[in-house]
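S.K.: quick one: sequence and predicted model below, then my questions.
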Amino acid sequence: MQLTLEHITKSYTKGKKRKNALEDFTLTLTEGVYGLLGPNGAGKSTLINIITGIIGKDSGSIAFSDGGDNSFLSHLGFMPQGMDFYRNFTAKDYIKYIMALKKYSPDNADEYALSVLDRVNLHSDADKKIGAFSGGMKQRLGIAQAIVGEPKVLIFDEPTAGLDAKERIRFRNVISSLAADKIVILATHIVTDIAYVAKTVVLMNGGKIIKTGAQEELCSDISGKVWEITAESDKVMEYMSRMRVSNAVSDGSKYTLRIVSDNLPEQGAKTVQPTLEDVCIYYFGDM
Ligand SMILES: Nc1ncnc2c1ncn2[C@@H]1O[C@H](COP(=O)(O)OP(=O)(O)OP(=O)(O)O)[C@@H](O)[C@H]1O
């Protein structure tokens, strides 16, 4: 299975100027999770809106290898940013409503709706009204509506916004369990969400791909450029203003700073193993 995005460009007019929100974006995706990472304005939502057919592209092409005669959109499940729901529906009725909208009619509609809810750990909440759901439960219901009809390509836009740590972990586990035989695109600026589940990380900025690869490859590309130093607490702000500091931990009296820099930031600094967060700081500065 292959989704091929080739030379996609989209521009907007700002004042008197045309500005590219996406520029010659080219990527081939196969089964597994792709993490789209980039700062605000990088072009993530524009890309997703084009793949999902919400907006048109100026040029470029989208091709899906397993579509048969059906349109690509019939193979797509989508969870948009900031999704909302009908509060008075139960979870099961909502899923059945989505089934109707997608014209998906398995032999036993109730059983199928429950099986979808089971996959996002909402089976026992099937008859509860959505108005009583927590933020995390609603996000999982968002995943559930996306998988109705068993689409081969799933897209999630900023899916963990506002979730607590426990729900984030739950979300990641659900995504991992779905990804084996699907193409999953996960757009976010929360690095840890991607660090745990993405087989491929796509770093975007200014409408372009800055780097793409497995997390380990991206980390090893900046090997030797992440350092640790110890600093007195009154010097921390100065370091932060001069250097790209990806982390600062205090032991009460002193700080251990993690610094991303091409060159030795200070005598005595030791190199440490880069993480995906360091990679983002390296390419984007603060996200
Ligand atoms: N309808 C529009 N009209 C004009 N400019 C737009 C429009 N939509 C997006 N842009 C511009 O295109 C660029 C990419 O925006 P986009 O929303 O795709 O980025 P993003 O990576 O999704 O950012 P965020 O994380 O903030 O949602 C930005 O410079 C944005 O201002």
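M.R.: Nice, thanks for sending it over. Residues are numbered from 1 along each chain as shown.
S.K.: surely residue 89 touches residue 129?
M.R.: Yes: between residue 89 and residue 129 a contact is recorded at 7.0 Å, counting by Cβ atoms under 8 Å. Yep, even glycine has a C-beta here, placed from its N, CA and C like the rest.
S.K.: around the ligand, which positions in the chain sit nearby?
M.R.: 12, 21, 38, 40, 41, 42, 43, 44, 45, 46, 189 (Cβ under 6 Å from any ligand atom).
S.K.: where's the residue of the stretch 51-200 of the chain at minimum distance from the ligand relative to residue 53, distance?
M.R.: Residue of the stretch 51-200 of the chain nearest the ligand, by Cβ to the nearest ligand atom: residue 189 (5.8 Å). According to Cβ to Cβ, to the nearest Å, residue 189 stands 24 Å off from residue 53.
S.K.: which one's more surrounded, the two?
M.R.: A count of neighbours by other Cβ atoms under 10 Å puts residue 189 above the other of residue 189 and residue 53, at 18 against 13.
S.K.: show me where the stretch 1-150 of the chain dips below the pLDDT cut-off.
M.R.: 67, 69 (pLDDT under 70).
S.K.: now do the helices in it.
M.R.: Assigned by DSSP state H, counting those that start in this stretch, the stretch 1-150 of the chain shows helices spanning 44-51, 91-101, 109-119, 135-147.
S.K.: in the third one, which residues are buried?
M.R.: Counting neighbours by 16 or more other Cβ atoms under 10 Å, one finds that the buried residues in helix 109-119 are 112, 113, 114, 116, 117, 119.
S.K.: residue contacts, the last one?
M.R.: Residue 119 makes contacts with 144, 147, 174, 177, 178, as judged by Cβ atoms under 8 Å, 6 or more residues apart in numbering.
S.K.: what do you get if the cut-off is 10 Å, keeping everything else the same?
M.R.: Residue 119 makes contact with 140, 143, 144, 147, 174, 177, 178, according to Cβ atoms under 10 Å, 6 or more residues apart in numbering.
S.K.: do a quick rundown of the strands in this protein.
M.R.: With strands called from DSSP state E, the chain shows them at 3-14, 17-29, 32-37, 59-64, 76-79, 153-157, 183-188, 200-205, 208-213, 226-232, 244-250, 254-260, 270-271.
S.K.: got a markdown table for the ones you listed, with mean neighbour count too?
M.R.: Output for the strands of the chain, formatted as a markdown table (neighbours: other Cβ atoms under 10 Å):
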| stretch | mean neighbour count |
| --- | --- |
| strand 3-14 | 16 |
| strand 17-29 | 16 |
| strand 32-37 | 24 |
| strand 59-64 | 14 |
| strand 76-79 | 22 |
| strand 153-157 | 23 |
| strand 183-188 | 24 |
| strand 200-205 | 22 |
| strand 208-213 | 16 |
| strand 226-232 | 18 |
| strand 244-250 | 16 |
| strand 254-260 | 20 |
| strand 270-271 | 10 |
